[in-house]
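**Student:** Predicted structure and sequence below. I'll ask about it afterward.
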Amino acid sequence: MHCFWTICCCCFLSLYCRGQILDSLLIEEVVIVDSVLNFSNNDLQLQSSGLIASLNDQTSIYVREYGSGGLGSISVRGGNAQQSQIQWKGINLNNPLHGQSDLSLIPRFFLNSAQIENINLKNGSGALGGVLSIDSSPAHLKQTTLDSQIYLDAFKNLEIGNAFRFVKNKLSSESKLFWGIAQNDFEYTHEGQTYPTTHNQNNQQQFLQEFRYQVNNKAHLNGSFWLYRFYRQIPPIAAITNNFNKDTQLDKGLRSVAQYVYLGSKMKWDWQTVFTKEYIAFNDDASTFSNFQNRLAWKYYILPQLQCSVQVTQKREQTNSLFLEENKERNTWAIWNQIGIKAIQNLSIDLSLLKEFISTYPNTPWLPSVSASYQMGKIHKWQISYSIARNYRIPTFNDLYWVNLGNKDLRAEEGLLQNISSKLQSKITSRINIQLGTALFYNRINDYIQWQINSENQWTPQNVKDVLNKGAEANFLFNYKKNIWQYQNGLNYALTDSKNLTQLNPFDQSKNKQLIYVPLHKVVWTQSLLYKQWKLIYTAAYTSKRYTTADNKNNLPAYWLHHLELGKKIDWNKHHFDLLFGIHNLLGKSYQTVALRPMPERNFYLSLRYVFKKDDE
């Protein structure tokens, strides 16, 4: 064990290239990321919809929705829902029972920002596709603020959010309360026939408390406490109108984080303790999962051009499910080591190494990662980055221990991930700015896990495939501003070629075919026009056909969606109002993101936001 720690302390490897300024001594931190898409809580249009709609309408990633209000899962660069993680404060929110995280359980109102990272090993293994990192922290609170929002649409869906931000001396606090009820009372068209939606109501209540206490000029405490409850009816599949289906699902959970951060002259200490618990009941069949985690991170700046980091994580996961052979527990120890080098003025290099010790998987591999970034220019800023990493994903508890069907001999999926990207920011004139980003990726995944029928005509999980995900991404933003006018034109595009490389038997026709539910093309085009306090936004989003069978003989057709929003801001002393009217799916297109789970057609909605800011005394 002493030998292991000695090796780790000599290796020190990472994904971040330069160190954070501590006591104004060291260089500014530059984070190397592969293809990051950000959206900010300051954008008016984002207040009108949930997280799923924001991702669909403003990024080039694909989100699968099991109908309005149903399960929502993310797919990044061809990775399935188990291979695409959602992280909050560095915590993986994917449930180890089934390996997924439900986006519908995350209110857009709770978030300040989100970003997509395609190679991220710092917080653990598993993200063979990528990571959606969400941030709810009350960043840089300087005023006591009341923030209220109400959303109402034509399908009798009502959402109300209230936030109270309090700042006093060394303490800042933010309390958020979200309440929603949805009738989802809409009609849809399937194979030329019109049907009403039945048994599709839901309601949710959520509470989030965040605080920060400045102990002294070098140390602070952070705390977060998130409670949620989401009850939903599960509608029948398309074209079924009988009343026999009465399936329901109840999700309840707690997420809590306590953190202590110390910033010294040349070092940073970060201690985090996490407890999460989830309860899922499908009809009367309930499952629970809990996670207790401790993490200690240490960063030291040897020189202004050289920094090293070590992060140690201890995690205990416990499950209780009627569908498992027995209640299971998994214990994990992980150490992540990093060294960041500013080789020359504009070149940064990162090396990292992750090793996990998992009680149910004793022979996990070492996971190295290398990243490099080169920057040039002052007026026309250009950055090019390259990264390569090894990663793996262990099977879920359901894969291993499902009653009579689980496979305890499953191997972990393993992947080699590569990415090269560039980003250009240019100020053409005093009125015109452009941003252009491009990326190429090449991800090879072995021992792909898939449930298939065995010789006894039963569905069981097997390591059956080798998969190659490769493609290109591009995003462009044009911004023109003159006096009280501002015009923006943005474009996101993703080409995702995801192929199965393995033929299981002579009758298998899935070799060299596109993976199911992975669109080859995804395009999002957004234009916005601002005049004084008015804002007009038009969005067009294209999703190519998605295959629903491995042999590519059946598919969901491609579709265009068009959205229009008109907003008005009103400022009166300390009071601020945002009024927004929108039309989602302007042309009333019939479409599905999951087979036989119809999505709403044309929908009108109204959103009102009120913000009151109290001046500091």
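**Tutor:** Noted; the coordinates are in hand.

**Student:** mind listing the strands for the stretch 51-200 of the chain?
**Tutor:** Shown for the stretch 51-200 of the chain, the strands assigned by DSSP state E, counting those that start in this stretch span residues 62-65, 72-75, 84-88, 91-92, 113-117, 130-135, 144-153, 157-168, 171-182, 187-190, 193-196.

**Student:** Tell me the spacing between the closest residue to Lys156 other than its chain neighbours and Lys423.
**Tutor:** With C-beta to C-beta, 6 or more residues apart in numbering as the measure, Gln183 is the residue that lies nearest to Lys156, at 3.6 Å, once sequence neighbours are left out. All C-beta atoms are positioned from the backbone trio N, CA, C, and that covers glycine. Gln183 is 44 Å from Lys423, where distance means C-beta to C-beta, to the nearest Å.

**Student:** what's the answer for Leu529, then?
**Tutor:** For Leu529, the distance to Lys423 equals 26 Å [C-beta to C-beta].

**Student:** Could you identify which of the strands of the stretch 51-200 of the chain has the lowest mean pLDDT?
**Tutor:** For the strands of the stretch 51-200 of the chain, the bottom mean pLDDT is recorded on strand 113-117, which sits at a mean of 85.

**Student:** Flag every buried residue along that strand.
**Tutor:** Residues of strand 113-117 classed as buried: 114-117 (neighbour count, 16 or more other C-beta atoms under 10 Å).

**Student:** could those be laid out in TSV, adding distance to Gly99?
**Tutor:** As requested, the buried residues of strand 113-117 are arranged in TSV below (distance: C-beta to C-beta, whole Å):
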residue	distance to Gly99
Ala114	21
Gln115	22
Ile116	19
Glu117	19
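
**Student:** Looking at those, which one is closest to Ser75?
**Tutor:** Distance to Ser75 across the buried residues of strand 113-117 (C-beta to C-beta) is lowest for Ile116, with 11.3 Å.

**Student:** From what I see, that closest one and Val131 are in contact.
**Tutor:** Yes: applying C-beta atoms under 8 Å as the test, Ile116 and Val131 come out as touching, 7.1 Å apart.

**Student:** any residues in contact with both of the two?
**Tutor:** Overlap between the neighbourhoods of Ile116 and Val131 consists of Val76, taking contacts as C-beta atoms under 8 Å, 6 or more residues apart in numbering.

**Student:** Closest to the centroid, which residue in the protein?
**Tutor:** Residue closest to the mean C-alpha point of the chain, counted by C-alpha atoms, centre = their mean, is Leu132 at 2.3 Å.

**Student:** which residues does that residue form a beta bridge with?
**Tutor:** Partner residues in beta bridges with Leu132: Ile86, Ile116, with DSSP bridges as the criterion.

**Student:** Same question for Asp578.
**Tutor:** Asp578 has these beta-bridge partners by DSSP bridges: Lys569, Arg609.

**Student:** picking that back up, quick one, which of Gln183 and Lys423 is more surrounded?
**Tutor:** In this view Gln183 and Lys423 are compared by other C-beta atoms under 10 Å, and Lys423 has more residues nearby, 20 against 15.
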